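Asks: Would you be able to build a 3D model of this:
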Amino acid sequence: MIHAGGAARVLAAGGVRSLAFEASKPLQLSSGESLAPLTVAFETYGALNSARSNAVLVCHALTGDQFVASTNPVTGRPAWWPRIVGPGRPLDTNRYFVIAPNVLGGCMGTTGPSSIAPDGRTYGLRFPQFTIADTVRAQAMLVEALGIDTLFLVAGIGMGGMQALNWASAYPKRVFACATVASAARQSAQNIAFAELGRQAIMADPEWRGGGYQSTKPAKGLAVARLAAGIANRSDASLRQCYAEARAFAFDAEARGTLAAPGDRFDANSYLYLTRAMDQFDLAADFGGNLANAFTGGATRHGVFAFTSDWRYPPSANQAIVRALIASGAEAAYVEIDTEQGHDAYLGDLAAFETALTGFVDSAASERGLALSGGGQ
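Replies: Purely as a prediction, here's the structure:
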């Protein structure tokens, strides 16, 4: 199934599957630097049809991973999107070939700060700075190596939604449909501030050691960073469920653990790099500041999904995407789900969201000529 001209090979270790690109096939970064060799870890679910027209790419959020519909063999954490990806689910693995890569700079098998550099030492802060666009280029290398020319659908949440939008902008002829969930085309000042708070906490931890930690980790700093992110991901109502009314401002151990998860085994330097890539994301910047120009001329169908209580990526940020899509002439649908679950609503049991996403995917599949049941064309 790999068609990379001998420049890539599949690796498997510790339950993590990856595609390793040799030095002869470097990833060209927006900074002008190149990254080689490059490894992209990924999982796949379902089967690719004979026409290779049913591939779906799922882009994970900040501290997510490629184990979208299966248990993470490294951390033991369960699948993070089992209500969306799987047999009979909105992204039905009886119908679609789902590809879920670990993000560039991540810490679950894809090359990042915790990886070994060509000189045999851990990259650490020597790892080159990268952008969301660089992440998408790495994913494109993976998709091409899997012998897939076009994607039926790219779907992403938060940081993954940024990647999905970048896919639709950079590769409009290779993406048939795009589902953006609780995301934005530009990182807000509030999100940048929360991210900077987290980064400062990590760098203030003595165990960070200037980014050169090895056997010991800056666990306390990372826990504070994850706590800040966890607070931003919750709505007012869900935060009140974490803290008893009488102790509304008491951050007890149980509440901290609930909000800070999932921080287990996440690499602190990866957190620094990924949040900086998100902070720098501004899809309109390369198009004269006009977001509509980023999608002009494309034929991708878009579904944009927002949650009413999400103040990390509020409905207004998602509506701005839709206005730009309509202005560009793109086919766009917008769904706003009424929920008290905040940004993390995409992880929960939310029938309205699942129904809306299923409707969008089924409509796009019909336009694509894909069967509406398993064992299709």
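Asks: Show residues contacting stretch 317-326.
Replies: In this structure, residues lying in contact with stretch 317-326 by CB atoms under 8 Å, 6 or more residues apart in numbering are 165, 180, 182-185, 188, 284, 290-292, 294-295, 302, 304-306, 332, 334, 336. (C-beta placed from N, C-alpha, C; glycine too.)
Asks: Inside helices: which ones of those?
Replies: Among the contacts of stretch 317-326, the members falling in helices (DSSP state H) are residue 165.
Asks: Return the subset of the contacts of stretch 317-326 lying in strands.
Replies: Mapping the contacts of stretch 317-326 onto strands (DSSP state E) picks out 180, 302, 304-306, 332, 334, 336.
Asks: Would you mark the buried spots in stretch 342-360?
Replies: Neighbour counts using 16 or more other CB atoms under 10 Å place 342-347, 350, 353, 356-357, 360 of stretch 342-360 among the buried residues.
Asks: what's the answer for stretch 94-105, then?
Replies: 95-105.
Asks: could you dump these to CSV with distance to residue 176?
Replies: Output for the buried residues of stretch 94-105, formatted as CSV (distance: CB to CB, whole Å):
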residue, distance to residue 176
95, 14
96, 12
97, 14
98, 15
99, 14
100, 18
101, 19
102, 24
103, 22
104, 24
105, 28
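Asks: before we move on, back to that, dump the ones in strands among the contacts of stretch 317-326 to JSON lines, plus distance to residue 15.
Replies: Shown next, in JSON lines, are the ones in strands among the contacts of stretch 317-326 (distance: CB to CB, whole Å):
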{"residue": "180", "distance to residue 15": "30"}
{"residue": "302", "distance to residue 15": "35"}
{"residue": "304", "distance to residue 15": "34"}
{"residue": "305", "distance to residue 15": "31"}
{"residue": "306", "distance to residue 15": "35"}
{"residue": "332", "distance to residue 15": "39"}
{"residue": "334", "distance to residue 15": "39"}
{"residue": "336", "distance to residue 15": "38"}
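Asks: most surrounded residue in those residues?
Replies: Within these, most neighbours by other CB atoms under 10 Å means residue 180, with 32 neighbours.
Asks: residues touching it, list them.
Replies: Counted by CB under 8 Å, 6+ apart, residue 180 has contacts 155-156, 161, 164-165, 302-305, 318, 321.
Asks: from the residues you listed, which single one is nearest residue 275?
Replies: residue 161 (15.4 Å; CB to CB).
Asks: Is the closest one within a helix or a strand, and which one?
Replies: Per DSSP states H and E: residue 161 is located in helix 159-170.
Asks: And residue 176, by the same measure?
Replies: Element membership for residue 176 (DSSP H and E) is strand 175-181.
Asks: Quick one: mean pLDDT over that strand.
Replies: On average, the pLDDT along strand 175-181 is 98.
Asks: Quick one: work out the angle between it and strand 331-337.
Replies: Relative orientation of strand 175-181 versus strand 331-337 (axes from the mean of the first three to the mean of the last three CA atoms, to 10 degrees): 20 degrees.
Asks: Tell me which strands strand 175-181 pairs with, and in which orientation.
Replies: Strand 175-181 pairs in its sheet with strand 151-157 (parallel), strand 301-307 (parallel), by DSSP bridges.
Asks: My impression was that residue 320 belongs to a strand - is that right?
Replies: No: counting by DSSP: H, G, I helix; E, B strand; the rest coil, residue 320 is located in no strand; its state is helix.
Asks: quick one: it and residue 232, what's the gap?
Replies: For residue 320, the distance to residue 232 equals 19 Å [CB to CB, to the nearest Å].
Asks: more neighbours, these two?
Replies: residue 232 (22 against 16).
Asks: Was I right to think that one contacts residue 194?
Replies: Yes: at 5.0 Å, residue 232 counts as touching residue 194 under the criterion of CB atoms under 8 Å.
Asks: Quick check: neighbours shared by the two?
Replies: With CB under 8 Å, 6+ apart, residue 232 and residue 194 have no common neighbours.
Asks: Around the residue lying closest to residue 71 once chain neighbours are set aside, count how many other residues there are.
Replies: In space, and not counting its chain neighbours, residue 71 is closest to residue 78: 5.5 Å by CB to CB, 6 or more residues apart in numbering. Taking other CB under 10 Å as the neighbour definition, residue 78 ends up with a count of 11.
Asks: likewise the one 3 residues further on?
Replies: The local packing count at residue 81 equals 23, with neighbours defined by other CB under 10 Å.
Asks: Give the phi and psi angles for it, as a check.
Replies: Torsion angles at residue 81 (phi, psi; degrees, to the nearest 10) stand at phi -140, psi 50.
Asks: do the same with residue 357
Replies: phi -70, psi -40.
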